[in-house]
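A.B. asks: Whatever this is, show me its structure:
(one chain, ligands or ions: 1)
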Amino acid sequence: MNAASRTRLNQLPEWTALGKHREQLGEAHLRELFAADPQRAEKYTAQVGGLHLDYSKQLVTDETLELLRELAAATDVFGLRDAMFRGEKINTTEDRAVLHTALRAPRDAVIEVDGENVVPKVHAVLDKMSAFAERVRAGEWTGHTGKPIKNVVNIGIGGSDLGPAMAYEALRSFADRDLTFRFVSNVDGADLHEAVRDLDPAETLFVIASKTFTTIETITNATSARNWLLTGLQAGQDAVAKHFVALSTNAEKVAEFGIDTTNMFEFWDWVGGRYSYDSAIGLSLMIAIGPAHFREMLDGFRLVDEHFRAAPAESNVPLLLGLLGVWYGGFFDAQSHVVLPYSHYLSKFTAYLQQLDMESNGKSVDREGNPVDWQTGPVVWGTPGTNGQHAYYQLIHQGTKVIPADFIGFAKPVGDLLPGLVAQHDLLMANFFAQTQALAFGKTPDEVRAEGVPEELVAHKTFRGNHPTTTILTAELTPFVLGQLIALYEHKVFVQGAIWNIDSFDQWGVELGKVLAKRVEPALTEGADVEGLDASSRALVAKYRSLRGR
Ligand SMILES: O=P(O)(O)OC[C@H]1O[C@](O)(CO)[C@@H](O)[C@@H]1O
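C.D. replies: Have a look, this model is predicted:
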C-alpha cells in the first residue's frame, strides 16, 4: 500500500471497532475470561521454532484478536513486510533498504538491492570473519611482539556495542577458549580504563565497531586505545595492524584512522545499527563462541524470519506480539513494556531491546511527516528475574499503571554450573511461574480475609490482578534459541512500526544532542563563548568550570 495514500490510523474503521470493543470489555477480569473458556490456556498458545508462547494471560478474547488482525490487514503489515524482504527502500527518510534478514539468508538465496544480489557479499564477509576468528581462537593471530592474542576489546556504541555485548553475555558458556572479552562503549574514560588496566597490550586485540566510523565516542575511545597500546608496547604506528581490526561500512574513514583495510570486516548501509549484531558487528562474539555456534545463531534468526514471512496471520507470532503492544498502547494507555528474562545470562537482553524498540519506534510523526495522535513505541525496561521481584515488581502488582510484561524462561539451566547450583533452577522457575499467576489472578479481598487478615489491612494486602503477561518458555539458552528470540523482537517492532505508520529504521532523534555536544565542548575546555547556549546551560557550564578549578 502506498504510504501517502494511507488513511490515518485512528480514522480507520478497524481502529474504531477496536475502541468500541475495548469499551465493551471494560474491566473484564482474567479470572472471568478463564472461567468463561475452559480451553483458554491451550487455545492461546503459539509455537515458533523452539519457543513456546502462552498469551492466555493477555487481556484479549477471540474477538479482540480478530479485530487486531483486521487492523493489521487494513494497515497492510504483510505488504510492508514483503517489501522489506524484497529489499525495497522502506526506510524512506534515509532512502535505504532494510535487509537485516539478508544477513542470515542461505548462500543460494537471491536478494537484490539496486539490481545487485547482496547474498554473496554477506557470505564472503561471514567466511572472512570465520577465518579470522579461527586464527585468533587457535592462538595463530599474534600481536606486534609475536605473542598470541589473549584479550579482545570491542569498542563501539549503540548497535555496535549492545548486540555483541548482550550476545556475549548470553552465550558466554559457549566461549570455549582461554580468551578475555571486554566491551567498551562509554566516552567516559573510566570505561576504557577499567577494560584495559589489567591487560597486557602485547596480547590485546581491539575490535573497533562502527557502522559510520565517525561516532565521536567510538573514535575517541579507539584513539585512546591506540595511544595505550603504542605506549605500552613502546612501538610505532606499524604495531596498529596487528592489534586493531575494524567493523564498518566506511573503508575511507577506517584507513584514515590507520587500520589496514584488509583487516576491515564490511557491512552495508541496508543494515541498521540496531539490527547489525549478526553482521560483521558480531566479530567479537564469533571469536568468543566460534564460527559454528555463530552460524547456529544465524539459523535461529532465519527460522523466525521464515516464520514471519510465511505463517498466516492467525499463527504468526511476531504479528501477535506486535498487535498486543498496539492494543495496550492504543486502548489501555500503557506507556511501558517490561521484559523479564529469568536467566542471569540475559542480563543485557533488555538493554539491547531498549535500543531495538525505542530507537526504532520512538517517533511522533508518521511516514509523511504528519504528527501522530496515537501512542507509538513504549518505554522498554526490565532486568533478569528474580532480582526485579525485590525491587520494582511491587509497582507492577499494586501500582496504578498498566504494564504489559514478557516473561522469558528456560527449562534447563545453561552450561555446566558448579555442583549443587543446578538444583537452584527449579526455584528460579517456580518464581517465574508464580509471578505470572499472581499478576493475572491476584488475590481478592475475600481471599485475604479468609487468611485472617485484620480488616484495616485487607485493602493493602489485596492484589487486583489482571496484569497482562506473555510467557515465552523454551528448553535452554543456546545460540540457536538466542537468534530466534532476537528475530522475534525485531519483527515485533517491525509490525508495530508498520501499524503506527512510522519509519522504524531511522533515528533522527539522536542527532540534536550530538551536534550540541560538539558545540558545548569548547565552552568546557576553553571557556569559549558558545553561540545559542541557553541561560540555564550557560550557568551550568560556568558552575562546571569553577568545580573543575578552571
Ligand atoms: O555504529 P556507529 O556508526 O558508530 O553508530 C552507533 C550507534 O549510533 C546511533 O546512530 C545512534 O546515535 C545508533 O543508531 C548506532 O547503533
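
A.B. asks: Then residue 414 would be within a helix, right?
C.D. replies: No - applying DSSP: H, G, I helix; E, B strand; the rest coil, one finds residue 414 to be coil, outside a helix.

A.B. asks: Quick one: residues contacting it.
C.D. replies: The neighbourhood of residue 414, defined by CB atoms under 8 Å, 6 or more residues apart in numbering, consists of 173, 343, 345, 476-477. All C-beta spots, glycine's among them, are computed from the backbone N, C-alpha and C.

A.B. asks: can you check residue 94 too?
C.D. replies: If you count contacts by CB under 8 Å, 6+ apart, residue 94 has them with 505-506.

A.B. asks: you'd agree it is in a strand?
C.D. replies: No - Residue 94 sits outside any strand when classified using three-state DSSP, being coil.

A.B. asks: for it, phi and psi?
C.D. replies: Reported as degrees, to the nearest 10, the phi and psi values for residue 94 are phi -110, psi 0.

A.B. asks: helix/strand/coil for the closest residue to residue 360 other than its chain neighbours?
C.D. replies: Distances taken as CB to CB, 6 or more residues apart in numbering place residue 504 nearest to residue 360, at 4.1 Å, with adjacent residues excluded. The three-state label given to residue 504 by three-state DSSP is coil.

A.B. asks: So which residues of the stretch 351-500 of the chain form helices?
C.D. replies: Ranges of helices in the stretch 351-500 of the chain, per DSSP state H, counting those that start in this stretch, are 360-361, 393-398, 424-441, 445-450, 455-461, 479-500.

A.B. asks: could these be laid out in a markdown table, adding distance to the ligand, mean neighbour count and mean pLDDT?
C.D. replies: Conversion of the helices of the stretch 351-500 of the chain to a markdown table gives the following (distance: least, CB to the nearest ligand atom, whole Å; neighbours: other CB atoms under 10 Å; pLDDT from 0 to 100):
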| stretch | distance to the ligand | mean neighbour count | mean pLDDT |
| --- | --- | --- | --- |
| helix 360-361 | 10 | 22 | 98 |
| helix 393-398 | 30 | 16 | 98 |
| helix 424-441 | 31 | 16 | 97 |
| helix 445-450 | 48 | 14 | 98 |
| helix 455-461 | 44 | 11 | 98 |
| helix 479-500 | 14 | 25 | 98 |
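
A.B. asks: I'd like these written out as CSV, with distance to residue 162 added.
C.D. replies: As requested, the helices of the stretch 351-500 of the chain are exported to CSV (distance: least, CB to CB, whole Å):
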stretch, distance to residue 162
helix 360-361, 13
helix 393-398, 24
helix 424-441, 25
helix 445-450, 43
helix 455-461, 40
helix 479-500, 11
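
A.B. asks: ok, the residue nearest to residue 476 when sequence neighbours are not counted - contacts?
C.D. replies: Excluding its sequence neighbours, the residue lying closest to residue 476 (CB to CB, 6+ apart) is residue 412, at 4.2 Å. The contact partners of residue 412, taken as CB under 8 Å, 6+ apart, are 425, 475-476.

A.B. asks: can you do 10 Å?
C.D. replies: For residue 412, the contact set (CB atoms under 10 Å, 6 or more residues apart in numbering) comprises 422, 425, 429, 474-478.

A.B. asks: Could you export these as JSON lines, including distance to residue 334?
C.D. replies: What follows is the contacts of residue 412, written out as JSON lines (distance: CB to CB, whole Å):
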{"residue": "422", "distance to residue 334": "37"}
{"residue": "425", "distance to residue 334": "31"}
{"residue": "429", "distance to residue 334": "27"}
{"residue": "474", "distance to residue 334": "26"}
{"residue": "475", "distance to residue 334": "31"}
{"residue": "476", "distance to residue 334": "31"}
{"residue": "477", "distance to residue 334": "28"}
{"residue": "478", "distance to residue 334": "32"}
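
A.B. asks: Just the buried residues of the helix or strand of the chain with the lowest mean pLDDT, please?
C.D. replies: When the helices and strands of the chain are scored by mean pLDDT, DSSP states H and E, helix 511-526 comes last with a mean of 91. Going by neighbour count (16 or more other CB atoms under 10 Å), the buried part of helix 511-526 is 520, 523.
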